[in-house]
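[1] Sequence plus the predicted model coming up.
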Amino acid sequence: MIDTIQACDLVIFGAKGDLAQRKLLPALYKLEEYKKIHPDTRIIASGRADWTRKEYIKIAKTAIKKFLTQEINENIWNKFSARLYFLNVDIFKELCFIELKKILNQTKSIIIYYCAVPPSVFSTIFKRLGQINLNLFPARIIIEKPLGVCLKTCKAINDQISKYFLESQIFRIDHYLGKESILNLISLRFANSLFFNSWNNKIIDHVQITISEQVGIENRWNYFDKMGQTKDMVQNHLLQILTIIAMDPPKNISSTSIQNEKIKILRALKTINSENINIKTVRGQYTEGNIQGKKVSSYLEEKGANVKSQTETFVCIKVDLKNDQWFGVPFYLRTGKRLAEKYSEIVIVFKKMPINLFKNNNYNLSQNKLIIRLDPNENIQIDFLKKISGLNEIYQLKNEKIQSNLFTKTNSKKIDAYERLLLAAMKGDQSCFVCREETEEAWKWIDPIIEAWKNSKENTLKLYAAGTWGPQNADDIIMKDGRYWHKFH
Ligand code: BG6
């Protein structure tokens, strides 16, 4: 594992945008606070504005104050702001890149480009950097979803970037891979014989992955309506989680070994197409409702909406794998916007006890569960049965849970995914990033699902009121297998 902090020139394309202001600046400020940034590292923000350096520093401070819910410490701020530069860059002008080259320190620092811009302009940036040799190793480049809207468009982005950068220079962000609970899955699975030896279809009954959001589409109609929840959340975040749960032990914990195992799982996903779309999937769209006592409007009434949109804001999919280890173990995925709570978890449900010694007390032995929670808190929980303590109750059972918080006062503060991912990119550690093949294999599986919905004669879009848990049909998908969604409590 790489653990060296290197001096970097971090160039942010799109410094005026939401991602840079909301996520990148606060994360970089936090890394300063944690003393994780090399003393010689510089942050060169760029965008189309004729801001002076002083003006940009002021803008950056306002953004950090707004999006980091904590007071800014002036000592840390002074150190941090000394790293900040601003360059007026119009990516369509070659001259701007020549100016950029003049200020970069290619001999002493690793140059990292963060493309915080829409994918439609990625290729212009790659090309401009390539034209004046700003692409050469050891430079690194960070890109983020949406990497295409289907396999073809994803391949086009990958082809464009690989003309100028080697795979070892490319850092594709899926911010879920920077979350503590997701990284912990690897430790949990591969550092504990209890779980390592139970991780197969003899012991595990099924897996549930729920990512439930309370937010709507946050003024992103144009983006979201082209994507829908399946392309926005399942193609990347949910499939990444699924692959980490299902992958075989990698040879070691290097990025390549982990990615190789994840690719095998993506290839093992059973196809969903017109033949099984109705039994394997449910898609929904929110209508008006109440969230935390406040009335919220329907998807079709969002700002900029096309009132005829058939885009899904909720999806539930039953996924089967065609490999020996997971034969007969379904993975139920569900995710949606404007649901009852912001609540996300992975539930590993173990098989029923093969015998029941407690029948006389009328006990149905409930199944053990391992729960890895991402939201609202990050923790790991084991649900099991135990004897009620005391003299009177002999072999009377009750449900119990043991919980371990991933962030506690004594171990660490809550780390935002972007803090971890930016730090990893500065160290050149690709283990929590996604490789080319993963992105393409995921689209290969998603494309037929989207196609089948499009071609379906039935109306596949089910409506659900904002503030509920989605359409009833999502419960039916799991209940017809004799199973239930784990209830959050
Ligand atoms: C993003 C999606 O990738 O993830 C958003 O584009 C979604 O639509 C967000 O809201 C959810 O991230 P988190 O970390 O809040 O669960």
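    Cool, got the structure.
[2] residues in contact with Ala474?
    Contacts for Ala474 (Cβ atoms under 8 Å, 6 or more residues apart in numbering) come out as Val282, Gly284, Phe314, Cys316, Arg334, Trp485. Placement of C-beta: from N, CA and C, glycine included.
[3] Just grab the bridge partners of the fourth one for me.
    Right, the one you point to is Cys316. Val282, Arg334 (DSSP bridges).
[4] Could I get the pLDDT score of the closest residue to the ligand within the stretch 101-250 of the chain?
    Here the stretch 101-250 of the chain gets closest to the ligand at one residue, Asp232, 4.8 Å apart by Cβ to the nearest ligand atom. With respect to pLDDT, Asp232 has a value of 97.
[5] now it, what's its secondary structure?
    For Asp232, the secondary structure call by DSSP: H, G, I helix; E, B strand; the rest coil comes out as helix.
[6] excluding its backbone neighbours, what's nearest it?
    Nearest residue to Asp232, sequence neighbours excluded (Cβ to Cβ, 6 or more residues apart in numbering): Phe224, at 6.5 Å.
[7] how close does Lys280 get to Asp50?
    Applying Cβ to Cβ, to the nearest Å, the value for Lys280 to Asp50 is 54 Å.
[8] If you count surrounding residues, which of the two has more?
    Neighbours were counted for Lys280 and for Asp50 using other Cβ atoms under 10 Å; Lys280 has more, 20 against 7.
[9] Please tell me I have it right and that one contacts Ile317.
    Yes. Look at Lys280 against Ile317 with Cβ atoms under 8 Å: they come within range, at 6.2 Å.
[10] so how far is the strand or helix carrying Trp77 off the chain centroid?
    Per DSSP states H and E: Trp77 is located in helix 74-81. Distance of helix 74-81 from its chain centroid, counting by Cα atoms, centre = their mean, to the nearest Å, is 30 Å.
[11] I'd like to know which elements it is packed against.
    Helices and strands touching helix 74-81, by 3 or more Cβ pairs under 8 Å, 6 or more residues apart in numbering; DSSP states H and E, are helix 25-33, helix 53-67.
[12] what is in contact with Lys280 and Ile317 at once?
    Common contacts of Lys280 and Ile317, defined by Cβ under 8 Å, 6+ apart, comprise Ile272.
[13] Can you identify each of the strands in the stretch 301-450 of the chain by residue range?
    For the stretch 301-450 of the chain, applying DSSP state E, counting those that start in this stretch gives strands covering 314-319, 331-336, 343-350, 369-375, 379-387, 397-405.
[14] Would you mind putting these into a markdown table with mean neighbour count and mean pLDDT alongside?
    Listed next are those as a markdown table, based on neighbours: other Cβ atoms under 10 Å; pLDDT from 0 to 100:
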| stretch | mean neighbour count | mean pLDDT |
| --- | --- | --- |
| strand 314-319 | 25 | 98 |
| strand 331-336 | 24 | 98 |
| strand 343-350 | 21 | 97 |
| strand 369-375 | 20 | 95 |
| strand 379-387 | 16 | 94 |
| strand 397-405 | 11 | 92 |
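[15] related to what we said a few turns ago, give me the contact list for the helix holding Trp77.
    Here helix 74-81 makes contact (Cβ under 8 Å, 6+ apart) with Leu28, Tyr29, Glu32, Glu33, Ile57, Ala60, Lys61.
[16] Those residues: which two are farthest apart?
    Glu33 and Ile57 (17.3 Å; Cβ to Cβ).
[17] one step back: what's the most distant pair in the contacts of Ala474?
    Among the contacts of Ala474, Gly284 and Trp485 lie farthest apart (Cβ to Cβ), at 14.7 Å.
[18] So which of these two has more stuff around it?
    Taking other Cβ under 10 Å, Gly284 and Trp485 do not tie; Gly284 has more neighbours (26 against 18).
[19] quick one: Lys427 from Asp225, how far?
    Per Cβ to Cβ, Lys427 is found 38 Å from Asp225.
[20] Tell me the buried residues in stretch 16-25?
    Going by neighbour count (16 or more other Cβ atoms under 10 Å), the buried part of stretch 16-25 is Lys16, Leu19, Ala20, Gln21, Lys23, Leu24, Leu25.
[21] do the same with stretch 76-87
    Neighbour-count burial for stretch 76-87, counted by 16+ other Cβ under 10 Å, picks out Trp77, Lys79, Phe80, Ser81, Arg83, Leu84, Tyr85, Phe86, Leu87.
[22] Tell me what the nearest residue to Arg140 once chain neighbours are set aside is bridged to.
    In this structure, Arg140 finds its nearest non-sequential neighbour in Ile112, 4.7 Å apart by Cβ to Cβ, 6+ apart. Ile112 forms beta bridges with Leu10, Arg140, as assigned by DSSP bridges.
[23] Contact partners for Ile112?
    Contacts of Ile112 by Cβ under 8 Å, 6+ apart are Cys8, Asp9, Leu10, Val11, Ala139, Arg140, Ile141, Ile142, Ala425, Met426.
[24] quick one: which of the residues you listed is most hemmed in?
    Counting by other Cβ under 10 Å, top hit in the contacts of Ile112: Val11 with 27 neighbours.
[25] Mind pulling the model confidence for the residue nearest to Arg140?
    We have a pLDDT of 98 for Ile112.
[26] what about it, distance to Ile279?
    Going from Ile112 to Ile279 by Cβ to Cβ gives 46 Å.
[27] quick one: terminal-to-terminal distance for stretch 170-182?
    21 Å (Cα to Cα, to the nearest Å).
[28] gap between that stretch and the chain center?
    With Cα atoms, centre = their mean, you get 6 Å for stretch 170-182.
[29] For the remainder of this discussion, apply numbering that starts at 188.
    OK, 188 is where the count begins now, so the last one is stretch 357-369.
[30] Show residues contacting that stretch.
    In contact with stretch 357-369 (Cβ under 8 Å, 6+ apart) are residues 327-332, 334, 348-349, 370, 423-424, 427-428, 431, 559-561, 565-567, 593-594, 601-608, 611-612, 617, 619-623, 626.
[31] Identify those among the residues you listed that sit within helices.
    The helices, defined by DSSP state H, take in 348-349, 370, 427-428, 431, 604-608, 611-612, 623, 626 from those.
[32] Please identify which pair of these lies farthest apart.
    Ser349 and Glu606 (28.3 Å).
[33] More neighbours: the two, which one.
    The neighbour count for Ser349 versus Glu606, taken as other Cβ under 10 Å, is higher for Glu606 (23 against 14).
[34] The closest residue to Ser355 other than its chain neighbours: neighbour count?
    Counting by Cβ to Cβ, 6+ apart, Gln617 is the residue found nearest to Ser355 once chain neighbours are left out, at 7.3 Å. Gln617 has 23 neighbours, counted by other Cβ under 10 Å.
[35] Of the contacts of helix 261-268, which is the nearest to Gln554?
    Proximity of those to Gln554 (Cβ to Cβ) peaks at Glu220, which lies at 43.3 Å.
[36] what residue ranges in this structure score low on pLDDT?
    188-190, 580, 595-599, 676 (pLDDT under 70).
[37] and it, which residues reach the ligand?
    The chain comes close to the ligand at residues Glu400, Val402, Asp419, as judged by Cβ under 6 Å from any ligand atom.
[38] In space, what's closest to the first one - neighbours in sequence excluded?
    Spelled out, that is Glu400. Distances taken as Cβ to Cβ, 6+ apart place Lys524 nearest to Glu400, at 5.2 Å, with adjacent residues excluded.
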